[in-house]
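Colleague: Would you be able to build a 3D model of this:
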Amino acid sequence: MSAIERRPDGGRTVLVLGATGFVGGHVCRAFAAAGWRVAGVARTVRGARTPYEIHELDLVAAEPARVAELVGRHRADVVVNAAGAVWGVTQAEMDLGNRDLVHRLIAAGPPRLIQLGSVHEYGPVPRTAITEATPTAPVTPYGRSKLAGARALLDSGTNGLVLRVSNVSGPGTSAVSLLGMVAAHLAARSAEPLRLAPLLAHRDFVDVRDLADAVVAAAASEVTGRVVNIGGGEATSVRDLVARLVALDGRGAGIVEAPVAGGRPPEAEWQRMDVSLARTLLGWRPRRSLEESLRDLLSSAVRAAAPTMSASAHR
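Modeller: Predicted coordinates for the structure are as follows:
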C-alpha cells in the first residue's frame, strides 16, 4: 500500500482526472497545499514528476468499474473532473471526452464529483453580466459537449457541483490557446511577426491558480446540485491583453492582425461573468491580477523555450 493510500482517520483524499494537464496540474498542487492527499489520473504520465501518485488511464475508454476501483483504492472523498477535449479534435471526440466521460464518472458512483465546465456553455450573450441563471445556448461543438456533461451531472442527483469556468490564463497556458500562442512566440524570440485573426473580442479571464483555489473550495463545501460561475468578473479586450504581453516581453515583437477566411467565428465576442455566487457559497473570489497572470505566463513560456533554444545554439 502506497503512502497516499495510508490515509489516517479524518484526512481527505481527492482523485483528480486530467492530472497532468494545464488546469489539472494546478488543481493537484492546490489540493496538496491545502493538506489534502492527492492522487491523479491522466492519459499519459510519461515525464511527469509529482509528489503524488498518477495512474495512466484512458478515461474515455475505461469502464466505470475501473474508475470506481481507483476511487475505492484511494478512499477518495472527492473526484475532480479536469479532463476533457478542447483543441484539435473532432466533434465526436469532444462528445466522448466532455459528455460521455461524465456519464461514466457518474456510473462509477463517486462520493462527490466536481465537474469543470465552461463559459462557452452559455453561448453568445448580450453585453450584460453572465449569471448562473443566464440561459444556455452554446453555438460551438465544444460548448454543446460541455453543456451535455454539466446536465448529466445535474440531472443525476450525484453529490457535486458544476464550476462553469471563464477563459483561463497563467503559467503553463497551452500554446494552442491565443495567449499561450502569443507567449510561446515571444519566448521563441522569432524575428517574424505573429499573424492573428482580428482581436475584436472582450473576454473574461481567470488565473489558473485562482481557478484551482475555487476547485478546492468547492470540494470542501457541502453545496451540491448546482452551477457556480468561476471567472475574473471583468470583460477585457483581447487586443489589450496581447499588447500587454508584448510590452512585458519588452522587445516590441510584431503582431499582425489579418482577416481569416470565413470571417469571425460564431462565438461570444463579449463575456463578463458574475462570480458573486461563488463568493457567497464557496467563500471564493479571484485574487490574482491579470498583470500578474500574464507576467507569470510569459515567464513560464520563456522557461519552456530555454532547453529548445539552448539545443539550437549548440548545433
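Colleague: mind checking how far the host helix or strand of Leu70 is from the chain centre?
Modeller: With elements taken from DSSP states H and E, the one containing Leu70 is helix 64-73. Averaged C-alpha coordinates place helix 64-73 at 23 Å from its chain's average position (CA atoms, centre = their mean, to the nearest Å).
Colleague: Show me what it is packed against.
Modeller: strand 37-42, helix 101-108 (3 or more CB pairs under 8 Å, 6 or more residues apart in numbering; DSSP states H and E). Glycine gets a C-beta too; all of them are placed from N, C-alpha and C.
Colleague: Switch those over to a markdown table; also include mean neighbour count and mean pLDDT.
Modeller: Below are those laid out as a markdown table (neighbours: other CB atoms under 10 Å; pLDDT from 0 to 100):
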| stretch | mean neighbour count | mean pLDDT |
| --- | --- | --- |
| strand 37-42 | 26 | 94 |
| helix 101-108 | 21 | 93 |
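Colleague: hmm, back to that, show residues contacting the helix holding Leu70.
Modeller: With contacts defined as CB atoms under 8 Å, 6 or more residues apart in numbering, helix 64-73 is touched by 5, 15, 39, 41, 55, 57, 59, 76, 79, 104-105, 107-111.
Colleague: could you redo the last one with a cut-off of 7 Å?
Modeller: Contact with helix 64-73 is made by Glu5, Leu15, Val41, His55, Leu57, Val79, Arg104, Leu105, Ala107, Ala108, Gly109, Pro110, as judged by CB atoms under 7 Å, 6 or more residues apart in numbering.
Colleague: just checking, the last one touches Val79?
Modeller: So the one you mean is Pro110. Yes - shown here, Pro110 and Val79 form a contact pair, counting by CB atoms under 7 Å, at 4.0 Å.
Colleague: where in the stretch 151-300 of the chain is pLDDT low?
Modeller: Low-confidence segments of the stretch 151-300 of the chain (pLDDT under 70): 260-268.
Colleague: rewinding a little: which of Pro110 and Val79 has more neighbours?
Modeller: When neighbours are counted by other CB atoms under 10 Å, Pro110 and Val79 differ, and Val79 comes out ahead with 27 against 24.
Colleague: any idea of the mean pLDDT in the helix or strand containing that one?
Modeller: Using DSSP H and E, Val79 maps to strand 78-81. Regarding strand 78-81, the rounded mean pLDDT is 97.
Colleague: strand partners of it, parallel vs antiparallel please.
Modeller: Looking at strand 78-81 with DSSP bridges, its partner strands are strand 13-17 (parallel), strand 113-118 (parallel).
Colleague: I'd like the next helix or strand past it.
Modeller: Toward the C-terminus, strand 78-81 is succeeded by helix 91-94 as the next helix or strand (DSSP H and E).
Colleague: Let me see the mean pLDDT of that next one.
Modeller: Rounded mean pLDDT across helix 91-94 is 87.
Colleague: tell me which residues in that helix are buried?
Modeller: Across helix 91-94, burial judged by 16 or more other CB atoms under 10 Å covers Met94.
Colleague: what's it in contact with?
Modeller: By CB under 7 Å, 6+ apart, the list of residues contacting helix 91-94 reads Ala85, Pro141, Tyr142, Ser145.
Colleague: for that helix, the distance to its chain's centre please.
Modeller: Put simply, helix 91-94 sits 18 Å off its chain's centre (CA atoms, centre = their mean).
Colleague: C-alpha coordinates for that helix, PDB please?
Modeller: Output in PDB follows, covering the C-alpha atoms of helix 91-94 (Å, rounded to 0.1, in the frame of the first residue of the first chain):
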ATOM      1  CA  GLN A  91     -16.800  16.800 -32.600                       C
ATOM      2  CA  ALA A  92     -17.200  13.100 -31.900                       C
ATOM      3  CA  GLU A  93     -14.000  13.200 -29.800                       C
ATOM      4  CA  MET A  94     -15.400  16.200 -27.900                       C
END
